[in-house]
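*Asks:* Give me the fold of what follows.
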Amino acid sequence: MSFRHSTPVEVRFVDIDAFGHVNNANYLSYIEQARVKYFDDIVNWPYDWNNEGIILAKAELDYIQPIRFKDEITVYTRCSRLGTKSLDLEYRIVKMENGREILMADANTVLVAFDYTKKNPIEVPQEWRRAILAYEEQGSVVQ
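*Replies:* Coordinates of the predicted model:
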């Protein structure tokens, strides 16, 4: 499976900790930016928090190398599983160095489709399902 969706992320000075690298908590912010961009670009979700959307149920991160200030970072995103009420997104954080990509971190999230008015999980909307399956490589999403 390959990653088709990418989001450039600027490493800000405020992201750096006393050790001179990006604080571990900011990696979650980077994948959140990528997740929002993925949903903007692929699903076209209007972010109507009064009705239905998604909630983050689980996040896992594998730190490979430290990210430093001024590193050129890209977060790749793909959907790897599309269940009835939830979906999994995978992320790969890389930096560009001397014309090649260097892996900095891998991450996975589980997202649950959610009705905000009833406060209950719901089925992944069919329009999201169709959009994700049309975008991702044929056969790359577990259903």
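*Asks:* Quick one: residues contacting the residue nearest to residue 125 when sequence neighbours are not counted.
*Replies:* Spatial nearest neighbour of residue 125, excluding adjacent residues (C-beta to C-beta, 6 or more residues apart in numbering): residue 113 at 6.7 Å. In this view, the C-beta of every residue, glycine as well, is placed from N, C-alpha and C. Taking C-beta atoms under 8 Å, 6 or more residues apart in numbering as the criterion, residue 113 is in contact with 52-54, 85-87, 121-125, 128.
*Asks:* Throw those into CSV and include neighbour count, thanks.
*Replies:* Below are the contacts of residue 113 laid out as CSV (neighbours: other C-beta atoms under 10 Å):
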residue, neighbour count
52, 16
53, 19
54, 21
85, 13
86, 19
87, 23
121, 15
122, 15
123, 13
124, 20
125, 15
128, 20
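*Asks:* Of those, which belong to strands?
*Replies:* In strands, judged by DSSP state E, the following of the contacts of residue 113 are found: 52-54, 86-87, 121.
*Asks:* separation between the residue nearest the centre of the chain and residue 85?
*Replies:* Centroid-nearest residue in the chain: residue 35, 3.5 Å away (criterion: C-alpha atoms, centre = their mean). Using C-beta to C-beta, to the nearest Å, one obtains 17 Å as the distance from residue 35 to residue 85.
*Asks:* List phi and psi for residue 115.
*Replies:* Here is the backbone geometry of residue 115 (degrees, to the nearest 10): phi -90, psi 110.
*Asks:* give me the number of residues near it?
*Replies:* Close neighbours of residue 115, defined as other C-beta atoms under 10 Å, add up to 13.
*Asks:* ok, which stretches of the chain are strands?
*Replies:* Assigned by DSSP E, the chain shows strands spanning 5-10, 52-63, 72-82, 86-97, 100-115, 120-121.
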